[in-house]
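>>> just a sequence and a predicted model for now, questions to come.
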Amino acid sequence: MIIHTVGDVLTKSIGIQLSDATGVPYYRQIVDQLGELIRAGNLPPNSRLPSVRELAAELMVSLITIRRAYAELEHARFVVRRQGHGTYVSAGFENATAEQSLAQGRTVIREAVAKARRLGLSDGELQQLFAQLLNQGGADHE
């Protein structure tokens, strides 16, 4: 994928990889990968993202998929759309990062609780397990 800075002064190529095997919708994979690139600083503020048409052609997905991904990124304040100029990494994405992380964490925990309940764990067992994991720093804490 080609990312442009304001005025196209700097252009660098980065990749978004989509997979059917994950079961995750393409738009969500795009949101997650672009969000991670922004959080990591690989896409600095005011970097212009490819147009909807450019990215759809590159990833071989529909325009609707890219529009939905960009809309979610905009809602999370990772990007801003400038009518007639394109989509840019938001200069204030640091605040959005905390909100997005909280929302993603909530989703992960909700899914884990649902799966644990399907496995037959009680609320008390879940609370105890969660407390143990927090005390240990989490199983995969980075």
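Received it, and whenever you're ready, just let me know what you need.
>>> what about T87, which SS state?
Following DSSP: H, G, I helix; E, B strand; the rest coil, T87 is assigned to strand.
>>> the residue nearest to it when sequence neighbours are not counted: neighbour count?
Of all residues not flanking T87 in the chain, L49 sits nearest, at 4.5 Å (Cβ to Cβ, 6 or more residues apart in numbering). (C-beta placed from N, C-alpha, C; glycine too.) Residues near L49, counting by other Cβ atoms under 10 Å, number 25.
>>> can you pull up the bridge partners for the closest residue to S47 other than its chain neighbours?
The shortest distance from S47 to any non-neighbouring residue, by Cβ to Cβ, 6+ apart, is to V89 (4.6 Å). Under the criterion DSSP bridges, V89 forms beta bridges with V79.
>>> what about V89, distance to L121?
Separation of V89 from L121 (Cβ to Cβ, to the nearest Å) stands at 41 Å.
>>> ok, S19 next?
Counting by Cβ to Cβ, the gap from S19 to L121 is 30 Å.
>>> same deal with S47?
In terms of Cβ to Cβ, S47 sits 44 Å off from L121.
>>> neighbour count for these two, which is higher?
Taking neighbours as other Cβ under 10 Å, S47 and L121 compare with S47 leading, 20 against 15.
>>> that one is in contact with S90, isn't it?
No: in this structure, S47 is not within contact of S90 by Cβ atoms under 8 Å, at 10.1 Å.
>>> how is this protein carved up into domains?
For the chain, automatic domain parsing gives the domain ranges 2-91, 94-136.
>>> quick one, helices of this protein?
With helices called from DSSP state H, the chain shows them at 26-39, 52-59, 63-75, 93-118, 123-136.
>>> which of the domains of the chain is buried the deepest?
domain 2-91 (a mean of 15; mean count of other Cβ atoms under 10 Å).
>>> in the chain, what spans have low per-residue confidence?
1-14, 93-100, 138-142 (pLDDT under 70).
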